[in-house]
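In: here you go, sequence then predicted model.
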Amino acid sequence: MAPKAIRADLSWAIAPLNTLLATLLAALLVALPLAAEAQPSGGPYGPQDRDYPVPDSGTVLFVAPDGRKDARGDRLEAPTTLASAIARVVTGDTIVLRGGEYRTGGLLLNQGVTLQPYGRERPVLKGTRLATEWEMLRDGVWRTSWDTLFPTEPMGWWRREREGMRTPMHRFDNDMVFLDGEPLVSVGWEGELDAHSYYIDHEQGHVYLGADPTGRNVEITAFDGAIIRTSREVHGKRNDGKGPVIRGLKITQYAYRCLEVEGKRQITMHEEPTDEPVGLADPSTFGKEITGTVLENLEISYCSRVAGYFRGDGLVIRNSLVSDTGTEGIYVIGSSDVLIERNIIRRNNIEGLTGYYASAVKIFNQTRRVTFRDNLVIDHPESNGVWYDVGNREGVIVNNRIENTQDGIFFEISDGVVIAGNLLVNNDKGLRVLNSANVQAWHNTFVNSRASFERDRRGDGSDHFGWHVTTGPGVDEREGHGFAGNLLVAGAGHGQPLLQFQQPPEMCERLSRPMAERVDGNLYVRPGLSTGDAPPLARISPAANEGCVLEPANLDALRDALGGGESSGDALDRTPRSILLGPDAGHYEPQAGLSAAPPAPAAVREALGWKDDGANPPGAWPYPAAD
């Protein structure tokens, strides 16, 4: 069957988006004022300096690195310890932290309280202790005994037969060692050591270095988490169901995770952290144990696995820096009505684990209405950017800058998302949609980053990840996408199609309908288009030919391959410098004079914060288009 004709009006978009965005846009508008008419905003991102006043109501406890455990902590001059304060506080209380280093961890909290700095001071929570007793061995090797070690193993789904020759097993251990602040790299035995590595013999409890530690600062992990907001009874108190508010702290050097908000149960580093719920479930049955957590102006770094596992509806993470993490930075599981905005997330998968599906941000397991807005996601060559995976619905991904990742935005086994106003630079795939339905991608700017829509037979029969695939659209339902008003720009060195729709050839008889309901108003820019010296403009499947795929080289061929799509689209034989304001200086706004794209549906414009209904050029920025 040939691809069906693409409708020229916008009714296809407005109708399905009404249901998708009605509640979602309400949450978007209430959470915080939308940014001005610019996508992405350009900042401010990450932690902002603040002067935190001491609350003048409720109980306030003061803590300090040198506080006394038996002190009451009700006066600034007589602080208690952080652990003592956390054991005492109840809902509505505030813990005020004096500046300095707190070497502590494993702090269990089950009340809706606030943790904040005193004034402009900077508290730092560290999960390491100093190692000061070293024995010199032969060949420049040094050894110390250490009793807080964190050996672990990969999750059961990791395929050693495929990845064991690329990732040594010791990389899965959660220990970390720092030498004068430099994170060292693990090796498998003493003979591999150099000045920038360490080896741990877990059976004997020994840590080895290849550098002389004399007179130097050696820190080794002693805790596997800083603050855990638990759902169980602790300190003689029941869980009050209210998430904490944590502001203005630096949290660093923890084995496993820095922060965690639990769901119904407690999960160790040896268990799968995402199994809540298990199987397709009603959203009213999960995400309710701890709600309303707020994290802002935090700096979280060097967590050997993740910066944090976060569960519970109403979560807000804003203006924080998440950096130098293991498999994930921010990990949201089974939660609804979540807002993540104006954060910097950088350098995930610093150990280079393979086959572990690393992502700087992961939104996982049947979430609803998770908004990822105006974030800066950068420097992830061994990791994906933001990944919505397994049964997510009604997502919004808008106004982000995502640069140097594998898949910048990845939407998998899920149904319903608006992806708009994003800048995607130098990613293998700027947008990847896999085995999903109803993705509306409007007015994004892609620079040396493909847009890829994909489906396969996963879901027919048993699956390596068990129930995961059952939470998303069935094999025959992975369609309904819209891709319009986007700007796709590539330089001469980019060897991939700018847009692709892919599926296995053997499925073409069964899956003969196109994945997208509309592809229109996009602008494709790359040098060599008019001379045939460029790679294919697109890759389109299904197609009515023997291989079930077409690779159009120009706009006319693309229109034919789409069965009438891109009636308002255009393609230019130009370099990025001739279209974008200043790509060499990091300015990817379009130059003046681009033709207008078709008007976006009102719901998309509202999600973007575009207040007028006039025509705009393709891409993320709503500058007036040429007539």
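Out: Received the coordinates, thanks. Just so it is clear, the structure is predicted and the values come from calculations on it, not from any experiment.

In: what are the buried residues along stretch 247-256?
Out: 247-256 (16 or more other CB atoms under 10 Å). Glycine gets a C-beta too; all of them are placed from N, C-alpha and C.

In: and residue 551, what does it touch?
Out: 497, 536, 538-540 (CB atoms under 8 Å, 6 or more residues apart in numbering).

In: where are the low-confidence patches of the chain?
Out: Residues of the chain meeting the criterion pLDDT under 70: 1-38, 613-614, 624-627.

In: measure the residue of it positioned farthest from its centre to residue 190 for me?
Out: In the chain, residue 138 marks the outermost C-alpha relative to the chain mean, sitting 44.7 Å out by CA atoms, centre = their mean. Per CB to CB, to the nearest Å, residue 138 is found 10 Å from residue 190.

In: same check, this time on residue 213
Out: 15 Å.

In: do residue 162 as well
Out: Counting by CB to CB - residue 162 and residue 190 are separated by 29 Å.

In: so who does residue 435 touch?
Out: 412-413, 454-456, 458-459, 469, 472-473, 475, 478.

In: if you set the cut-off to 10 Å instead, what comes out?
Out: 411-414, 454-459, 469, 472-475, 477-478 (CB atoms under 10 Å, 6 or more residues apart in numbering).

In: swap in residue 450?
Out: For residue 450, the contact set (CB under 10 Å, 6+ apart) comprises 407-408, 424, 427-432, 488, 490, 494, 496-500, 538-539.

In: just give me the residue closest to the centre of this structure.
Out: residue 361 (1.5 Å).

In: my guess is it contacts residue 373. True?
Out: No - under the criterion of CB atoms under 10 Å, residue 361 is not in contact with residue 373, lying 12.0 Å apart.

In: mutual contacts of those two, please.
Out: Common neighbours of residue 361 and residue 373 (CB under 10 Å, 6+ apart) are 340, 343, 397, 400.

In: and these, which is closest to residue 546?
Out: Comparing those against residue 546 with CB to CB places residue 397 closest, at 37.0 Å.

In: the closest one: how many residues sit nearby?
Out: Neighbours of residue 397 under the rule other CB atoms under 10 Å: 30.

In: list the contacts of it.
Out: Contacts of residue 397 by CB under 10 Å, 6+ apart are 340, 361, 363, 370-373, 375, 385-386, 388, 409, 411, 417-422, 431, 439, 441, 444, 607.

In: please redo it, this time with the cut-off set to 6 Å
Out: With contact taken as CB atoms under 6 Å, 6 or more residues apart in numbering, residue 397 is in contact with 372, 409, 419.

In: the last one belongs to a strand?
Out: Yep, that's residue 419 we're talking about. Yes - under DSSP: H, G, I helix; E, B strand; the rest coil, residue 419 sits within a strand.

In: any idea how far it lies from residue 513?
Out: Counting by CB to CB, the gap from residue 419 to residue 513 is 21 Å.

In: quick one on the thing from earlier: parallel or antiparallel, which strands does the helix or strand encompassing the residue nearest to the centre of the chain pair with?
Out: Under the criterion of DSSP states H and E, residue 361 resides in strand 359-364. Sheet pairing of strand 359-364 (DSSP bridges) gives strand 328-333 (parallel), strand 384-389 (parallel).

In: what segments of the stretch 101-250 of the chain are helices?
Out: Assigned helices in the stretch 101-250 of the chain, in chain order: 160-163 (criterion: DSSP state H, counting those that start in this stretch).

In: next one: the chain
Out: Counting by DSSP state H, the chain has helices at residues 11-31, 82-88, 160-163, 555-561, 602-608.

In: centre of the chain to the fourth one, how far?
Out: In terms of CA atoms, centre = their mean, to the nearest Å, the centre of helix 555-561 is set 35 Å apart from its chain centre.

In: again, but for the third one
Out: Relative to the centre of its chain, helix 160-163 is centred 25 Å away, using CA atoms, centre = their mean.

In: quick one: the residue nearest to residue 108 when sequence neighbours are not counted and residue 144, what's the gap?
Out: Spatial nearest neighbour of residue 108, chain neighbours left out: residue 234 (4.6 Å); criterion: CB to CB, 6 or more residues apart in numbering. Residue 234 sits 33 Å away from residue 144, taking CB to CB as the criterion.

In: same check, this time on residue 389
Out: Taking CB to CB, one finds residue 389 at 41 Å from residue 144.

In: give me the more crowded residue out of the two.
Out: residue 389 (25 against 17).

In: now do the more buried one against residue 414, distance only.
Out: The gap separating residue 389 from residue 414 is 7 Å, by CB to CB.

In: on that earlier part again, could I get the strands paired with strand 359-364 in JSON lines, plus columns for distance to residue 150?
Out: Below are these laid out as JSON lines (distance: least, CB to CB, whole Å):
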{"stretch": "strand 328-333", "distance to residue 150": "17"}
{"stretch": "strand 384-389", "distance to residue 150": "25"}
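
In: let me see the contact set for residue 294.
Out: Residue 294 neighbours (CB under 6 Å, 6+ apart): 245, 316.

In: can we see that at 7 Å?
Out: The neighbours of residue 294, taking CB atoms under 7 Å, 6 or more residues apart in numbering as the test, are 243, 245, 316.

In: by neighbours, which of the residues you listed wins?
Out: residue 243 (24 neighbours).

In: thinking again about what came up before, who has more neighbours out of residue 162 and residue 190?
Out: A count of neighbours by other CB under 10 Å puts residue 190 above the other of residue 162 and residue 190, at 17 against 10.

In: from what I see, that one and residue 208 are in contact.
Out: Yes - with contact defined as CB atoms under 7 Å, residue 190 and residue 208 form a contacting pair (5.5 Å).

In: can you pull the residues that touch both of those two?
Out: Looking at what touches both residue 190 and residue 208 (by CB under 7 Å, 6+ apart), the common residues are 141, 199.

In: kindly report the domain assignment for this structure.
Out: What automatic domain parsing lists as the domains of the chain is 11-47+225-269+279-528+577-608, 60-113, 128-221.

In: and the last one, end to end?
Out: Spelled out, that is domain 128-221. With CA to CA, to the nearest Å as the measure, domain 128-221 spans 4 Å from end to end.

In: number of nearby residues for the residue nearest to residue 108?
Out: Per other CB under 10 Å, the neighbour tally for residue 234 reads 17.

In: and residue 139, how far from residue 177?
Out: 19 Å.

In: and the two? Which one has more around it.
Out: Per other CB under 10 Å, whichever of residue 139 and residue 177 has more neighbours is residue 177, with 24 against 8.

In: about what we covered before: could the contacts of residue 551 go into CSV alongside distance to residue 393?
Out: As requested, those are exported to CSV (distance: CB to CB, whole Å):
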residue, distance to residue 393
497, 30
536, 34
538, 29
539, 29
540, 28
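
In: most neighbours out of the residues you listed, which is it?
Out: residue 540 (30 neighbours).

In: for the spatially closest residue to it that is not a sequence neighbour, give me its contacts.
Out: Once flanking residues are discounted, residue 540 sits nearest to residue 561: 4.2 Å by CB to CB, 6+ apart. Residues near residue 561 by CB under 7 Å, 6+ apart: 538, 540, 543, 550, 552.

In: now residue 561: how far from residue 501?
Out: 9 Å.

In: what do you get for residue 416?
Out: Counting by CB to CB - residue 416 and residue 501 are separated by 19 Å.

In: tell me which of those two has more neighbours.
Out: residue 501 (28 against 25).

In: so that one makes contact with residue 542?
Out: No - using CB under 7 Å, residue 501 makes no contact with residue 542, being 8.1 Å away.
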